[in-house]
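J.: starting from these lines, generate the structure:
(one chain, ligands or ions: 1)
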Amino acid sequence: MPTIATIEKRVSVRTYRPEAPSKDVLNEFMSRLSAINDPFDVPVTFHLLDAEASHVSSPVIVGATTYLAAKAPRRLGMEEAFGYAFEQAVLEATDMGLSTVWLAATIDRPAFEHAIDLGPNEVMPAVSPLGYAADKRSLREIAMRRGMKSDERLPFGSLFFAGDFDHPLSENEAGIWKTPLEMVRKAPSATNKQPWRAVVQDGCVHFFEQKTRGYAKDGVDIQKVDLGIALCHFEIAATETGCTGSLIREDAGITAPEGCEYIATWKRQG
Ligand SMILES: Cc1cc2nc3c(=O)[nH]c(=O)nc-3n(C[C@H](O)[C@H](O)[C@H](O)COP(=O)(O)O)c2cc1C
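T.: Numbers count the residues shown, from 1 in each chain. A predicted model of the protein is given here:
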């Protein structure tokens with residue numbers, strides 16, 4: 001099971017050693033994926049791809065021999081479900097000493113879609129290489145991380161709020177939610193835009209998506225995938241810090257800023 005320590009350890013890797021993970025390692029990884037839970041009731045199915053045999057590649061990846069791809073049926077909640085499930089896979093890989101990077105844009109998309117036999121009513125929002133990190137990042141990877149400020153995150157108080165969007169939440173006031181929200185902050189997101197916002201109110205944490213123009217394409221909103229990732233991190237950390245609860249969709253009617261959409265709520269039990 002991924003833990004807070006796994007979330008802290010995860011980092012995007014685009015430069016790999018040439019050796020492929022062994023069959024045993026990949027079998028163990030796939031057996032872990034079969035235990036992944038799905039609070040959104042949208043099934044996500046995983047496919048391991050040999051890069052050479054399947055002719056799949058990414059212009060930003062050096063050295064990877066194996067990729068993980070996944071697909072979900074095209075329906076309401078598909079992006080959040082995909083983000084939630086695929087991030088669990090990313091964290092399971094991290095736990096096993098394997099490296100990953102979410103790739104949505106910089107891939108040979110037709111090749112991946114062909115390799116997993118994607119149907120017209122299915123989506124494949126992202127894929128990831130799966131392998132062992134090289135000792136040094138490629139120059140391109142160094143430049144990409146610098147360009148996206150990948151080692152930085154927005155301040156706690158500009159992402160999270162108390163009661164409504166007019167009152168920024170400080171780490172000191174966050175109480176039991178501090179660690180779960182910190183783990184949301186550490187989540188990966190497309191071009192590191194960090195679209196997650198959360199409002200803490202009466203034993204509930206309401207999650208919202210602060211949309212960036214142009215990030216919803218071909219009927220898939222990649223920032224909803226980011227929200228699914230954030231919810232995955234939040235739930236792992238809430239559970240580990242002894243806070244029981246569950247994810248529900250029940251819009252509390254909080255007035256949100258322009259371009260900010262309600263996604264889901266974590267409701268504490270007991
Ligand atoms: C949904 C999603 C899509 C992404 N797509 C790409 C991509 O197409 N190419 C890429 O190089 N990185 C991609 N990334 C990786 C982000 O750039 C990275 O997560 C972010 O810069 C933060 O860095 P970190 O993951 O090392 O914390 C994506 C991340 C997410 C969550």
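
J.: OK, contacts around the closest residue in space to Ile176 that isn't next to it in sequence?
T.: Leaving aside its sequence neighbours, Ile176 sits nearest to Cys243 (C-beta to C-beta, 6 or more residues apart in numbering; 5.5 Å). In this view, the C-beta of every residue, glycine as well, is placed from N, C-alpha and C. By C-beta atoms under 8 Å, 6 or more residues apart in numbering, the contact list for Cys243 reads 176, 180, 268.

J.: how about a cut-off of 10 Å?
T.: Listed by C-beta atoms under 10 Å, 6 or more residues apart in numbering, the contact set of Cys243 reads 176-177, 179-180, 203, 205, 234-235, 237, 266, 268-270.

J.: who wins for neighbours among those residues?
T.: When neighbours are counted by other C-beta atoms under 10 Å, Phe234 leads the contacts of Cys243 with 27 neighbours.

J.: tabulate the contacts of Cys243 (JSON lines), appending distance to Ala5.
T.: Shown next, in JSON lines, are these (distance: C-beta to C-beta, whole Å):
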{"residue": "Ile176", "distance to Ala5": "19"}
{"residue": "Trp177", "distance to Ala5": "19"}
{"residue": "Thr179", "distance to Ala5": "12"}
{"residue": "Pro180", "distance to Ala5": "15"}
{"residue": "Gly203", "distance to Ala5": "27"}
{"residue": "Val205", "distance to Ala5": "22"}
{"residue": "Phe234", "distance to Ala5": "16"}
{"residue": "Glu235", "distance to Ala5": "16"}
{"residue": "Ala237", "distance to Ala5": "11"}
{"residue": "Trp266", "distance to Ala5": "21"}
{"residue": "Arg268", "distance to Ala5": "23"}
{"residue": "Gln269", "distance to Ala5": "25"}
{"residue": "Gly270", "distance to Ala5": "26"}
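
J.: can you report how many residues lie near Leu130?
T.: 26.

J.: so it is in contact with Val90, correct?
T.: Yes - between Leu130 and Val90 there is a contact at 9.4 Å, judged by C-beta atoms under 10 Å.

J.: what residues are shared contacts of those two?
T.: 68, 98-101.

J.: out of those residues, who's nearest the ligand?
T.: Among the shared contacts of Leu130 and Val90, Val101 lies closest to the ligand (C-beta to the nearest ligand atom), at 5.5 Å.

J.: flag every residue of the stretch 1-150 of the chain that's near the ligand.
T.: When proximity is defined by C-beta under 6 Å from any ligand atom, the stretch 1-150 of the chain lies next to the ligand at 11-12, 60, 101-106, 126, 144, 148, 150.

J.: just the ones in helices from the residues you listed, please.
T.: 144, 148 (DSSP state H).

J.: the residues of the stretch 1-150 of the chain next to the ligand, buried ones only, as a ChimeraX selection?
T.: Buried members of those, defined by 16 or more other C-beta atoms under 10 Å, are picked up in ChimeraX with:
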select :12,60,101,102,103,104,126,144,150
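
J.: quick check: Pro155 vs Ile107, distance?
T.: Noted for Pro155: a distance of 32 Å to Ile107, by C-beta to C-beta, to the nearest Å.
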